[in-house]
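S.K.: got a sequence here, can you model it:
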Amino acid sequence: MTATLETKPTMQTDDATKWPSIAIVTPSFQAERYIRQCMVSVLDQNYPNLQYVVMDGGSSDSTVDIVNSFAHRLHYWTSGPDGGPYQAIAAGFAKTDAEILGWLNADDILLPWTLVVIGSLFRDCPNVEWVTTETPMQISTDGLPYNLWHLPGFTKRGFRSRENCGAGNGGPRSMGSTIQQESTFWRRNLWEKAGGRFEPQIKMAGDFELWDRFFDHALLYSINIPLGAFRWHGGQRSALHSEQYKKECNAVLSRHGNNPVDEEAYVSRHARMMGFHVGDNHNIERVPVVRRNAAGRFQSGLY
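M.R.: Next up is the predicted model:
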C-alpha cells in the first residue's frame, strides 16, 4: 500500500527569515545533574529563529547558576516558586510569540537535527498542525541511547481506545507507548484553539490531557525520524508517580465512554505501516504521516 502525499517546496537554509519561529520551554527544579545537557541539546543546534525559555521553580542546588551561564542565549528565564511544571510551561509559552511550540523537561534532550527537521516540516506542510515521532528513543543516565522502537502512527480513535496510555493497559505487547512529549510539536493556533492552558486538576498527565484536546481540532501527523530522547533515571516524576499518571489518563479518556482497544485493527495497522500487505480490512484507519524525500522536501498525507 502506498501513501498519498502532497509535495511542497522546502526552505532554503541560507535565509533565516524563511525559518518559522520555534519556542521551546524547559521547566526545571533541582535539575543540576542534567539541565546543562538538556540546554546544550537545544541551543547548540543554532536554529536561526529560536525562542528558548527556562522556567525554574526556585531550585536551591546549582541549577540557577547553570541556567544563568546560558542567559545571553536565552529568550527568557526566571527562577522562583511556581504552581508546578505545567503552570510553568504555560507561563513560558506566554513569554513567547513563536509560531511553533514544544517543551523539553530538564532531564531530557533533543536530538541534533530536531529543530531543523521541525522548522522545515512545518514550513513545507502548512496543513500539519501537530506532529510527533513514530520512533521514540530512551537514554540512560549517561546520556547514551538504550532503547528505540517503532509505532504505527497515531489516530484519534486509537488514542481514545487506550492505545497510548502507557504499558500495561492491555493489547499486544508492542502496544502501550505514550505519545512522546519531548518529540511532539504544534502550531500556536492549535494551542489557542485547545484553550491555551493545562487543566489544573491534572497533576501528572497534563501532556496526555492536552493531546486529548488537540485531537478535537486536528490530525496528529507522525514522522519516522527520532526527534527527542526521554532520560530514564528513576527519579523523574513520571517514574515516581506512574500509577497516578495512568489513573489520570483513564480519567481523561472516560470523557469519551468505554472504548476498548481494537487489537486486530492495531496489529493490522502496524503491519501495513511496516510495508506488509494486510488485505482489505476496512477497520484499519489511514494514518496521517510526514515523510522527507531524497530532495529534502517534506510531504504530508494519509498512509
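
S.K.: can you give me the helices for the protein?
M.R.: 35-43, 63-69, 85-94, 114-124, 156-160, 188-193, 206-215, 237-240, 242-253, 263-273 (DSSP state H).

S.K.: make CSV from these and add mean neighbour count, distance to T17 and mean pLDDT to it.
M.R.: All C-beta atoms are positioned from the backbone trio N, CA, C, and that covers glycine. As requested, those are exported to CSV (neighbours: other Cβ atoms under 10 Å; distance: least, Cβ to Cβ, whole Å; pLDDT from 0 to 100):
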stretch, mean neighbour count, distance to T17, mean pLDDT
helix 35-43, 20, 20, 98
helix 63-69, 18, 29, 98
helix 85-94, 21, 23, 98
helix 114-124, 23, 11, 98
helix 156-160, 19, 35, 93
helix 188-193, 15, 18, 98
helix 206-215, 22, 29, 98
helix 237-240, 14, 38, 60
helix 242-253, 17, 40, 92
helix 263-273, 18, 36, 83
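
S.K.: my guess is I118 contacts L227, does it?
M.R.: Yes. When contacts are counted by Cβ atoms under 8 Å, I118 is listed as touching L227 (7.2 Å).

S.K.: need the overlap of contacts for those two.
M.R.: F185 (Cβ atoms under 8 Å, 6 or more residues apart in numbering).

S.K.: circling back: P20: which of the helices of the chain is closest?
M.R.: helix 114-124 (5.3 Å; Cβ to Cβ).

S.K.: which residues are in contact with the closest one?
M.R.: 8-11, 13, 18-20, 22, 42, 45, 47, 49-50, 99-100, 102, 128, 131, 183, 185, 187, 223, 225, 227-228, 290, 292, 296-299.

S.K.: got the contact list for W113?
M.R.: 45, 225.

S.K.: mind redoing it with 10 Å?
M.R.: 45, 120, 225-227 (Cβ atoms under 10 Å, 6 or more residues apart in numbering).

S.K.: neighbour-wise, which of those residues leads?
M.R.: Counting neighbours by other Cβ atoms under 10 Å, L227 leads these with 26 neighbours.

S.K.: just to revisit the earlier point, need the contacts of W113 in a markdown table (columns: distance to A106).
M.R.: Below are the contacts of W113 laid out as a markdown table (distance: Cβ to Cβ, whole Å):
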| residue | distance to A106 |
| --- | --- |
| Q45 | 17 |
| S120 | 27 |
| I225 | 24 |
| P226 | 20 |
| L227 | 17 |
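
S.K.: among those, which one sits closest to F93?
M.R.: Closest to F93, out of all of the contacts of W113 and judged by Cβ to Cβ, is L227, at 18.9 Å.

S.K.: and the closest one, how far from I202?
M.R.: Distance, L227 to I202, using Cβ to Cβ, to the nearest Å: 24 Å.

S.K.: stretch 290-303 spans what distance, first to last residue?
M.R.: End-to-end distance for stretch 290-303: 10 Å, by Cα to Cα, to the nearest Å.

S.K.: buried ones among the contacts of helix 114-124?
M.R.: Neighbour counting over those (16 or more other Cβ atoms under 10 Å) leaves 10-11, 19-20, 22, 42, 45, 47, 49-50, 99-100, 102, 128, 131, 183, 185, 187, 223, 225, 227-228, 290, 292, 297-299 as the buried ones.

S.K.: narrow these to those in strands?
M.R.: Per DSSP state E, strands hold the following members of the buried ones among the contacts of helix 114-124: 22, 50, 100, 102, 131, 185, 187, 223, 228, 290, 292, 298-299.

S.K.: tell me which two in these are the farthest apart.
M.R.: L50 and Q299 (24.8 Å).

S.K.: shaky segments in the protein?
M.R.: By pLDDT under 70, the weakly predicted segments of the chain are 1-16, 166-176, 235-241, 280-283.

S.K.: number of nearby residues for the closest residue to R160 other than its chain neighbours?
M.R.: Leaving aside its chain neighbours, R160 sits nearest to H256 (4.8 Å; criterion: Cβ to Cβ, 6 or more residues apart in numbering). The tally of other residues near H256 (other Cβ under 10 Å) stands at 14.

S.K.: list the contacts of H256.
M.R.: H256 sits next to 156-157, 159-161, 212, 215 when contact means Cβ under 10 Å, 6+ apart.
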